[in-house]
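[1] Generate a structure from the sequence data that follows.
(one chain, ligands or ions: 1)
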Amino acid sequence: MEIFVVPTAPATGSVAAGILAAVIRSKPSTVLGVATGGSPLPIYKALAGHRLDMTLIRAFALDEYVGLPAGHPESYAEVVRREVTERLHLGPANVAVPDGSAADPERAAADYEAAIAGAGGIDVQILGIGHNGHLAFNEPGSALDSRTRVEMLTERTRQANARYFTSPSDVPLRCITQGLGTILEARHLLLVVNGADKAGILADALNGPVTPDCPASVLQLHPHVTVVADEAAAAQL
Ligand code: GLP
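    Modelled structure (predicted):
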């Protein structure tokens, strides 16, 4: 595991984008795993500045809410479209997000897992970490070998994500998320973490026991992990 500690959140974006740019230059058909939440946004902004040819890039999102109407501005499909697809000039058909408005979400989850495999797997997976150690929407208690599936969100995660919705009760109860086992199959994991409020959980994830109680602790099982953290988030490492 390599860990870069940089002064500020924007600097995490610059460093992570530099890593991604090198990968994309060496493999123009890179399959990217993209994450939502606030932490990765500086990466997408910085990567756009590299002005790479993204024509052949494919991207898979980590997760999606279940039950938001198609086109809802806070659905991850829309967030990824705004923050990733448009910003990085990806081909819209090359970007996939689990179908949270499918009539059969379980089937949509299985189809998504198959689509990732069909693309040859993910070359680099961008990750954030939740305050309770969640990765994607794998909440505490998720099996370390879990696959893409429908899950309930915890109240803590719903509260954390309420900032994006008009009312906290508008945050969906369920999601489709790549599993921890699915995420571990990506060939390179790139975790970006900002802020003092993540310092404790980052230390637990990287230095504590590998346990479903802290889903991000699975990072310790992967042979190629890069962590980019600002000084505040790295304070307890
Ligand atoms: C959401 C996403 C996660 C993300 C987490 C942390 O719940 N599903 O993929 O890592 O929030 O978000 P933030 O970076 O805004 O703290």
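[2] Please tell me how far residue 80 sits from the ligand.
    In this view, residue 80 and the ligand are 11 Å apart by C-beta to the nearest ligand atom, to the nearest Å. Backbone N, C-alpha and C define where each C-beta goes, glycine included.
[3] you'd agree that residue is up against residue 61?
    Yes - with contact defined as C-beta atoms under 8 Å, residue 80 counts as touching residue 61 (5.1 Å).
[4] what's the overlap in contacts for the two?
    Residues touching both residue 80 and residue 61 (C-beta atoms under 8 Å, 6 or more residues apart in numbering) are 34, 36, 95, 97.
[5] In this structure residue 14 contacts residue 46, no?
    Yes - using C-beta under 8 Å, residue 14 is in contact with residue 46, at 4.8 Å.
[6] returning to that earlier point: looking at the shared contacts of residue 80 and residue 61, which are in strands?
    If you go by DSSP state E, the shared contacts of residue 80 and residue 61 have 34, 95 in strands.
[7] Most neighbours out of the shared contacts of residue 80 and residue 61, which is it?
    With neighbours taken as other C-beta atoms under 10 Å, the top of the shared contacts of residue 80 and residue 61 is residue 34, carrying 27 neighbours.
[8] Which strand residues bridge that one?
    residue 61 (DSSP bridges).
[9] how close does residue 232 sit to the ligand?
    For residue 232, the distance to the ligand (C-beta to the nearest ligand atom) stands at 13 Å.
[10] Run a quick check on that residue versus residue 202, I expect a contact.
    No - under the criterion of C-beta under 8 Å, residue 232 makes no contact with residue 202, lying 10.1 Å away.
[11] Which one of the two is surrounded by more residues?
    residue 202 (23 against 17).
[12] Please write out the alpha-carbon positions of the helix or strand that the more buried one is a member of in CSV.
    Assessed by DSSP states H and E, residue 202 sits inside helix 199-207. The C-alpha trace of helix 199-207 is given here as CSV (Å, rounded to 0.1, in the frame of the first residue of the first chain):
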residue,chain,number,x,y,z
ALA,A,199,-9.1,10.7,10.5
GLY,A,200,-10.3,8.1,13.0
ILE,A,201,-12.1,5.9,10.5
LEU,A,202,-9.1,6.1,8.0
ALA,A,203,-6.8,4.9,10.7
ASP,A,204,-9.2,2.1,11.7
ALA,A,205,-9.5,1.0,8.0
LEU,A,206,-5.8,1.0,7.3
ASN,A,207,-4.3,-0.1,10.7
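[13] Mind checking what helix or strand follows it in sequence?
    Following helix 199-207 toward the C-terminus (DSSP H and E): strand 225-230.
[14] okay, the angle between that next one and helix 199-207?
    Following axes from the mean of the first three to the mean of the last three C-alpha atoms, to 10 degrees, one obtains 160 degrees for the angle between strand 225-230 and helix 199-207.
[15] Around the ligand, pick out the residues from this structure.
    Counting by C-beta under 6 Å from any ligand atom, the chain comes close to the ligand at 35-39, 62-63, 128-130, 136-137, 157, 161.
[16] can you rerun that using 5 Å?
    35, 37, 38, 39, 63, 128, 130, 136, 137 (C-beta under 5 Å from any ligand atom).
[17] of those, buried ones?
    Buried subset of the residues of the chain next to the ligand (neighbour count, 16 or more other C-beta atoms under 10 Å): 35, 37, 39, 63, 128, 130, 136, 137.
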